[in-house]
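Colleague: Whatever this is, show me its structure:
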Amino acid sequence: VAGLGNYGLRGTRHSVGMEVLDRLARQLAVAEGWRVDKRCCADVALATAHGLALGLLQPRRFMNLNGLSVASAAEIYSLGPQDIYLVHDDLDKALGKVAIKLGGSARGHNGVQSCISALHSSEMTRLRVGIGRP
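Modeller: So this is what the prediction gives:
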C-alpha cells in the first residue's frame, strides 16, 4: 500500500496519501515500525491485517517521482502491479470523500502517472481521497 505525496511537504493536501498511511499504521499498531529503506528510497512499515501481510510505503521523493520508489519496492518484495494499492489525493472529489478505482488512466494525477510509467502498467488499485478544489 503506497501513500503518494510530496515527502518534504507533509501535511499538505497533495500529501494526503501519506497521512492516510500514517493513520493506517497507527490502527495496525505499527506506527513505531517505520524504517528508511534506501533500496527503494522510501519509509516502509510491515503489518498484518486480517491474516494478510501488508507493506506500507511512503516514498521519500516528490510526487512526480513516487513511481520510482513504488516500482523498486515492487521488485524487492516480488509484487506485480495487481498487488499494489495506491492512496492519493483527488481534486475532483469533495473534501473527505473517497472512492476506489481499479486500474485505468491516471486522470491527470502526476504521482499515479509516475507509478504507471515506472511499473509499465495501470493495473494498480487506487484509493482516491477527495481534497476538493482550492
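
Colleague: quick one: the strands in the protein?
Modeller: 2-3, 35-37, 42-49, 52-59, 85-90, 98-102, 125-130 (DSSP state E).

Colleague: Which stretch among the ones you listed is buried most, on average?
Modeller: Burial of the strands of the chain is given as mean neighbour count (mean count of other CB atoms under 10 Å); strand 2-3 ranks first at a mean of 28. Backbone N, C-alpha and C define where each C-beta goes, glycine included.

Colleague: could you give the mean pLDDT of it?
Modeller: The average pLDDT for strand 2-3 rounds to 98.

Colleague: ok now it, how far from the chain's centre?
Modeller: Put simply, strand 2-3 sits 2 Å off its chain's centre (CA atoms, centre = their mean, to the nearest Å).

Colleague: so what does it touch, helix or strand wise?
Modeller: When contacts are defined as 3 or more CB pairs under 8 Å, 6 or more residues apart in numbering; DSSP states H and E, strand 2-3 sits against helix 16-27, strand 52-59, helix 66-76, strand 85-90.

Colleague: Report the angle between the last one and strand 98-102.
Modeller: Spelled out, it's strand 85-90. Inter-element angle recorded for strand 85-90 and strand 98-102: 130 degrees (by axes from the mean of the first three to the mean of the last three CA atoms, to 10 degrees).

Colleague: do the same with the third one
Modeller: Put simply, helix 66-76 runs at 60 degrees to strand 98-102, going by the same axes, to 10 degrees.

Colleague: What's the separation between the spatially closest residue to residue 96 that is not a sequence neighbour and residue 110?
Modeller: Distances taken as CB to CB, 6 or more residues apart in numbering place residue 130 nearest to residue 96, at 5.9 Å, with adjacent residues excluded. Separation of residue 130 from residue 110 (CB to CB, to the nearest Å): 17 Å.

Colleague: try residue 21
Modeller: Between residue 21 and residue 110 the distance is 18 Å, computed by CB to CB.

Colleague: Neighbour count for those two, which is higher?
Modeller: Neighbours per residue (other CB atoms under 10 Å) separate residue 21 from residue 110, with residue 21 holding more: 22 against 17.
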